[in-house]
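Trainee: this one's sequence-less:
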């Protein structure tokens, strides 16, 4: 699978129009005589070892970039954070410069979302902190670390 809409359907359970807007439920619109063979895509799939191990490094980077874009456009979700973490686990070091830039964008986006949280008990706080910490500490982007 090489296209953004296919990954969006698999990971998040919806597709992306060319303009980037989310089109949920598109799977329900079938042409006459077509069978619905992907009814599980309506909810999206959490990352699995089977999916991740089938990806080469280029695909991991491409799908990570898709997820960062979706985070910027559509906001944070538990499923999205699971995919981001799983894809980051698959990244090989040293990073390509473009990949490092993408991770820096991810960290800044997570920091901005975290700044909008009303409470320290918010369920999104721990995964946001984890993503920020991984980018800053493991991927050597120390200037993005919390002090």
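Mentor: That came through fine. For clarity, every value in this text was computed on a predicted model and none was experimentally measured. Numbers count the residues shown, from 1 in each chain.
Trainee: Can you point out the buried residues in stretch 86-101?
Mentor: For stretch 86-101, burial by neighbour count (16 or more other Cβ atoms under 10 Å) applies to 86, 87, 88, 90, 91, 95, 99, 100. For every residue, glycine as well, the C-beta is placed using N, CA and C.
Trainee: before we move on, what about stretch 44-54?
Mentor: By 16+ other Cβ under 10 Å, the buried positions in stretch 44-54 come out as 44, 47, 51, 52.
Trainee: how many neighbours does residue 126 have?
Mentor: Applying other Cβ atoms under 10 Å, we find 10 residues neighbouring residue 126.
Trainee: Can you tell me how far it is from residue 103?
Mentor: In this view, residue 126 and residue 103 are 19 Å apart by Cβ to Cβ, to the nearest Å.
Trainee: And for residue 122?
Mentor: 23 Å.
Trainee: before we move on, back to that, out of the buried residues of stretch 86-101, which are inside helices?
Mentor: Among the buried residues of stretch 86-101, the subset assigned to helices under DSSP state H consists of 86, 87, 88, 90, 99, 100.
Trainee: Among those, which one lies nearest to residue 68?
Mentor: Lowest distance from residue 68 to those (Cβ to Cβ) belongs to residue 87, with 9.5 Å.
Trainee: so who does the residue nearest to that closest one when sequence neighbours are not counted touch?
Mentor: In space, and not counting its chain neighbours, residue 87 is closest to residue 64: 4.3 Å by Cβ to Cβ, 6 or more residues apart in numbering. Contact partners of residue 64, counting by Cβ atoms under 8 Å, 6 or more residues apart in numbering, are 84, 87, 88, 91, 99, 102.
Trainee: I'd like those residues as a markdown table, with pLDDT and distance to residue 6 appended.
Mentor: As requested, these are exported to a markdown table (pLDDT from 0 to 100; distance: Cβ to Cβ, whole Å):
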| residue | pLDDT | distance to residue 6 |
| --- | --- | --- |
| 84 | 98 | 18 |
| 87 | 98 | 16 |
| 88 | 97 | 21 |
| 91 | 97 | 21 |
| 99 | 96 | 21 |
| 102 | 97 | 20 |
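Trainee: burial of residue 146, as a residue count?
Mentor: By the measure other Cβ under 10 Å, the count of residues near residue 146 is 9.
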